[in-house]
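could you look at this predicted model? Sequence included:
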Amino acid sequence: SSFYCFKLKANEELGLAVQPSTNKLEPMLKLIDEQGQVLAKSSNGSLGYRSVKPQTVTLVIRDKEYRGGESFSYRIQAGPVPVITSHFPLSVQAGTEIAIDICGVHLQGIQQVKVKAESKDGDYQMTLPWPVAGMKLKLPEIRVVHQPQVQLGKELSVPATGLGRFTQPDTDHRWQFNAT
């Protein structure tokens, strides 16, 4: 593992991106506070964090399988690096256009992007479109599905895709569906 310390101010955003030199390294990132509590973690090589108070945080980088060697080198970018930390919903129905909510750091105030999903045969993945040309950031994949998309609280007919989001800790989601 490698360790990097950062001193952050209150409300400061920290973006981190790890670029492996080969495809052997699968970087796992974890940001911890001075008490060892995990503040954020990522398995995709990028991590974003907004500090709620002045603090020193430590970034821990390791390989997914705890491997190492000559071909496990990497480059890290830290600072005002744009990082998407989450998006919702995770999928869109084919042939529709919806707004996807975006959370992250250093995103130039962007909180939503519009997605237009083409009608193709079968379900497929598409990269989230980004409205700022030239902004370097890792864009998540959105699943495009053909079955109806149902919001929490509505009856879920099978087959369908349920769209749920935990907005607070200890939240229960209860779905009703008819399997015929």
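Received it, and whenever you're ready, just let me know what you need. Numbers count the residues shown, from 1 in each chain.

thought residue 18 was touching residue 73, still the case?
No. At 10.7 Å, residue 73 does not count as touching residue 18 under the criterion of Cβ atoms under 8 Å. Every C-beta, even on glycine, is put in place using the N, C-alpha and C of the backbone.

counting neighbours, go ahead and name the busier of those two.
Neighbour count, other Cβ atoms under 10 Å: between residue 73 and residue 18, residue 18 has more, with 21 against 13.

so what secondary structure elements neighbour whatever helix or strand the more buried one lives in?
If you go by DSSP states H and E, residue 18 is part of strand 13-20. Packing partners of strand 13-20 (3 or more Cβ pairs under 8 Å, 6 or more residues apart in numbering; DSSP states H and E): strand 27-32, strand 46-50, strand 55-63, strand 74-79, strand 83-88, strand 97-105.

out of those, which is closest to residue 148?
Nearest of the helices and strands packed on strand 13-20 to residue 148, taken as Cβ to Cβ: strand 97-105 at 12.9 Å.

now the closest one, how far from the chain's geometric center?
11 Å (Cα atoms, centre = their mean, to the nearest Å).

what do you get for stretch 91-101?
How far stretch 91-101 lies from its chain's middle: 17 Å, per Cα atoms, centre = their mean.

heads up, I number from 470, so please use that
All set: I'll call the first residue 470, so the last point we hit is now stretch 560-570.

buried residues, it. List them.
Buried residues in stretch 560-570, defined by neighbour count with 16 or more other Cβ atoms under 10 Å: 560-563, 567, 569.

give me the mean pLDDT for that stretch.
On average, the pLDDT along stretch 560-570 is 91.

contacts for that stretch?
Applying Cβ atoms under 8 Å, 6 or more residues apart in numbering, the external contacts of stretch 560-570 come out as 556-558, 580-589, 592, 597, 611-618, 630, 632.

which one of the helices and strands packed on strand 482-489 lies nearest to residue 480?
Closest to residue 480 of those, according to Cβ to Cβ: strand 515-519, at 6.6 Å.

elements contacting that closest one?
Judged by 3+ Cβ pairs under 8 Å, 6+ apart, strand 515-519 is in contact with strand 482-489, strand 496-501, strand 507-511, strand 552-557, strand 566-574.

starting from that strand, tell me which strands it pairs with and how they run.
Paired neighbours of strand 515-519 in the sheet (DSSP bridges): strand 482-489 (antiparallel).

who touches the partner strand?
Outside strand 482-489, the residues that touch it by Cβ under 8 Å, 6+ apart are 475, 477, 495-496, 498, 500, 514-520, 526, 528, 530, 541-552, 574-575, 607.

I appreciate the help and will end here.
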